[in-house]
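*Asks:* pasting a predicted model and its sequence here:
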Amino acid sequence: ARRVFSGIQPTGTPHLGNYLGALVNWTRLQEADATTGELPLNYYSIVDLHAITMPQEPASLRQAKLDVAATLLACGIDPKRSILFEQSRVRCHAELAWIFNCITPVGWLGRMTQWKSKMEKMGGSHAQSLTDESLTSGLKMGLFDYPVLQAADILLYKGTHVPVGQDQMQHLELARNIAALFNKTFEYTFPKPEAIVPPATKRVMSLRDPASKMSKSDPSDYSRLNLVDSPDVIRSKIAKATTDGIRGVSYDPVERPGVSNLLGIYAAMRDIDVHEAVKECSDITSTKAFKDRVTESIIARLQPIQSELFRLQADKGYLVCVLDDGALRADQAAKDTMEQVYKAVGLR
Ligand code: ATP
Ligand code: MG
């Protein structure tokens, strides 16, 4: 059967990019397989050990974990069909990551792009290589190494499918390589996990700088649309979004990244493709009219999610209950794998 694993960091509250890039597929994958009728086993994790690879304030981190849990449930994650849990409550994640650390070449991680871009975002250097002095003094081991922890997250549950956004492709390739390396070294049989990635138009870009992706950890709240944003906030964020001076609406991610990003969002909100979206907007000449139409599509789509989200946020008892149950179930599965791994390596 299909075993699905994916994670989201409690580094803030989920935004429209998380929703379109990942969460829509998370909920879709809860359905039985169309051909075999088999129900998949879904593990969805609030990956708090990943969140602390960047500085987090303890009280906000605790709150963010609950907010993320409420958001996932509001978006349709069903605790009866999916195991929703906090990563740090299943200790095997850190244990398997350590074992993977002992076989993974440093060079494999040196090639990853995320630590480089997160260092830059923190105001660090533009260094591109590990031998760069100015970089290595500021770079934390955890930020450099977290793709190995990600490999452990997936393989701990022998995950076969991983629904993620495009920015995670490189990390998934690393996880596949680590699985193969471990299998070869210790005659084990981790599956090679496959990414399930939505089309490029579902990659949501920053509203302020359409050259970089929308992120929870971007210091500017105006760069993203949070799923909790009120209609007024959405209106003002879209009104301030970067576009261009070209008349009319057309889809051209290279020449018109801002407008194309908004078109992608509009299309996704209405479940149509971008070319249909362009057609629907062909009568529009002013940027303001275009932005108004995009805004209304977002508000309409988010409305039902938000009312459920606010209801859940007020029910902390229920959230804690779901997370307790999830941790228990994930822990059982993780311990089984870990026992096998300890044996294979010779630690038992
Ligand atoms: P952070 O800035 O802290 O890394 P994030 O916004 O990148 O936060 P993550 O928790 O790292 O969010 O990622 C959760 C999931 O959302 C991943 O599968 C990731 O690929 C996807 N995702 C994140 N940002 C986008 C985006 N802008 N467009 C599409 N998918 C995205
Ligand atoms: Mg991220």
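*Replies:* Structure's in. What do you need? Numbers count the residues shown, from 1 in each chain. Ligands and ions are numbered 1, 2, ... in the order given.

*Asks:* got a pLDDT number for the residue of the stretch 101-250 of the chain found nearest ligand 1?
*Replies:* The stretch 101-250 of the chain approaches ligand 1 most closely through G165 (2.5 Å), counting by C-beta to the nearest ligand atom. For the C-beta atoms, the positions are set from N, CA and C on the backbone; glycine is no exception. Note on G165: pLDDT of 95.

*Asks:* that one reaches L23, doesn't it?
*Replies:* No: at 9.9 Å, G165 and L23 do not qualify as touching, with contact defined as C-beta atoms under 8 Å.

*Asks:* who's more crowded, the two?
*Replies:* L23 (26 against 22; other C-beta atoms under 10 Å).

*Asks:* gap between the closest residue to that one other than its chain neighbours and ligand 1?
*Replies:* Spatial nearest neighbour of L23, excluding adjacent residues (C-beta to C-beta, 6 or more residues apart in numbering): C75 at 4.7 Å. In this structure, C75 and ligand 1 are 12 Å apart, going by C-beta to the nearest ligand atom, to the nearest Å.

*Asks:* my guess is C75 contacts L302, does it?
*Replies:* No: taking contacts as C-beta under 8 Å, C75 lies outside contact range of L302: 10.3 Å.

*Asks:* what residues are shared contacts of these two?
*Replies:* Common contacts of C75 and L302, defined by C-beta atoms under 8 Å, 6 or more residues apart in numbering, comprise L227.

*Asks:* the two - which one has more neighbours?
*Replies:* Neighbour count, other C-beta under 10 Å: between C75 and L302, L302 has more, with 23 against 19.

*Asks:* how far away is the more buried one from ligand 1?
*Replies:* From L302 to ligand 1 the distance is 16 Å (C-beta to the nearest ligand atom).

*Asks:* residue of the stretch 1-150 of the chain with the smallest distance to ligand 1?
*Replies:* When distances are taken as C-beta to the nearest ligand atom, the stretch 1-150 of the chain reaches nearest to ligand 1 at G21, 1.9 Å away.

*Asks:* can you give me the separation between the spatially closest residue to that residue that is not a sequence neighbour and R3?
*Replies:* Using C-beta to C-beta, 6+ apart and skipping residues adjacent in sequence, the residue nearest G21 is G165, 3.1 Å away. With distances taken as C-beta to C-beta, to the nearest Å, G165 is found 20 Å from R3.

*Asks:* and what of E95?
*Replies:* 19 Å.

*Asks:* and A74, by the same measure?
*Replies:* 25 Å.

*Asks:* for Y44, same thing?
*Replies:* 12 Å.

*Asks:* looking at these two, which is more packed in?
*Replies:* Counted by other C-beta under 10 Å, Y44 and R3 do not tie: Y44 has more neighbours, with 27 against 18.

*Asks:* since that was my last question, I'll sign off now.
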